[in-house]
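J.: Generate coordinates for the sequence data below:
(chains A and B)
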Amino acid sequence: AQKITQTQPGMFVQEKEAVTLDCTYDTSDQSYGLFWYKQPSSGEMIFLIYQGSYDEQNATEGRYSLNFQKARKSANLVISASQLGDSAMYFCAMRPGSNDYKLSFGAGTTVTVRA
Amino acid sequence: NAGVTQTPKFQVLKTGQSMTLQCAQDMNHEYMSWYRQDPGMGLRLIHYSVGAGITDQGEVPNGYNVSRSTTEDFPLRLLSAAPSQTSVYFCASSYSGPAETQYFGPGTRLLVL
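T.: Sure, this is the predicted structure:
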């Protein structure tokens, strides 16, 4: 399985501030996809953002942006203007190859937003 | 659309019992998969299917069987439950394609005593 590393087990952020969640990955494939999912305390997995390895622009979805540094094999998630509802576990995941749909997940980072 | 549905939401089994976790999707997705989530770990792939009649093993397939007789359904069978299979199980589906997002069901929490 591909290796995804999330080095921050837990983070605290003040409401309305930005937070960056780290994700590094290891693959020898040239074509791959990177995903971020949010898991609130209710347990469901919510898709946030996707970045393809050949995408030249960093992906953005509303308050979420992905800081993609291909040479460093890094795909950090930036959440801007944090809200209390952003408190959750966040998972980085990678799908290797252009015809391989299997996802490998990191261990996750718990984000707690303080009022 | 109901999306991806899973039943049951919670189940308690005794060691050695068998059971089937149900997963269904109404989005006509070709690709379906099963993951397990254990505390402190990310999701790990158990089995997946790229279409009706086609299944393959993921990272942690031992102790589980799957079949895909229709596009909509992808059940996961525990043959002889063990305490190590206590986990939260997620089913996911997507269209085929490199940029397609996998959508997850709500999960089934399984406790094996």
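
J.: Next up, the contacts around residue 35.
T.: I'll assume chain A. Residues in contact with A:Phe35, defined by CB atoms under 8 Å, 6 or more residues apart in numbering or on different chains, are A:47-51, A:92-95, A:103, B:101-102. To be clear about C-beta, it is placed using only N, CA and C from the backbone, and glycine gets the same treatment.

J.: hm, I was asking about chain B
T.: Contacts of B:Tyr35 (CB under 8 Å, 6+ apart): A:103, A:105, B:43-46, B:58, B:89-92.

J.: contacting residues for the residue of chain A found nearest chain B?
T.: At 3.0 Å from chain B, A:Phe105 is the closest residue in chain A, using CB to the nearest CB. Contacts for A:Phe105 (CB under 8 Å, 6+ apart) come out as A:4, A:91-93, B:35, B:42-44.

J.: By pLDDT, give me the weakest of these.
T.: Lowest pLDDT of the contacts of A:Phe105: B:Gly42, 86.

J.: pLDDT score for the closest residue to it other than its chain neighbours?
T.: In this structure, B:Gly42 finds its nearest non-sequential neighbour in A:Phe105, 3.0 Å apart by CB to CB, 6 or more residues apart in numbering or on different chains. With respect to pLDDT, A:Phe105 scores 93.

J.: Equivalent analysis for B:Ala99, please.
T.: Per-residue pLDDT puts B:Ala99 at 66.

J.: One more: the one 10 residues further on?
T.: B:Arg109 carries a pLDDT value of 96.

J.: That one: neighbour count?
T.: Counted with other CB atoms under 10 Å in any protein chain shown, residues neighbouring B:Arg109 total 15.

J.: before we move on, back to that, dump the contacts of A:Phe35 into TSV; add distance to B:Thr5 as well.
T.: Converted to TSV, the contacts of A:Phe35 look like this (distance: CB to CB, whole Å):
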residue	distance to B:Thr5
A:Phe47	17
A:Leu48	22
A:Ile49	25
A:Tyr50	24
A:Gln51	29
A:Cys92	26
A:Ala93	22
A:Met94	27
A:Arg95	23
A:Leu103	20
B:Thr101	18
B:Gln102	15
